[in-house]
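1. model this:
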Amino acid sequence: MVMASEVGMAKQNTPVAEKEARLGRRVNRQVSVLLTEIEKEEVPDRLLELAKDLQKALTDKVDDDAS
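-> Below you'll find the predicted structure:
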């Protein structure tokens, strides 16, 4: 049996869930636009080298921790 207070709570939560869903769609769209713009940018060689060094260091750290 559903209590009257439970029905009221469900009605109150619906607008919040809808607002969160709209916010999520808007944020996803903004992130998508930003990622597209970032992908268009050239990566300086030094930055790329540092990113590769970081990736290697993290991989080595994970491998050491697993041993």
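
2. could you point out the longest helix in the protein?
-> helix 4-40 (DSSP state H).

3. Can you tell me what sits against the helix or strand just after it?
-> For helix 4-40, the following helix or strand on the C-terminal side (DSSP states H and E) is helix 45-66. With contact meaning CB atoms under 8 Å, 6 or more residues apart in numbering, helix 45-66 is reached by Val43. Quick note: C-beta positions are derived from backbone N, CA and C, even for glycine.

4. Now do the same for Leu8: its pLDDT.
-> For residue 8 the amino acid is Gly, not Leu. According to the prediction, Gly8 has pLDDT 52.

5. Same question for Ala57.
-> As predicted, Ala57 sits at a pLDDT of 94.

6. again, but for Leu54
-> Value for Leu54, per-residue pLDDT: 94.

7. Check the burial of it by counting its neighbours.
-> If you count neighbours by other CB atoms under 10 Å, Leu54 ends up with 10.

8. and what of Val16?
-> When neighbours are defined as other CB under 10 Å, Val16 has 9 of them.

9. Would you mind measuring from it to Pro44?
-> The gap separating Val16 from Pro44 is 44 Å, by CB to CB, to the nearest Å.
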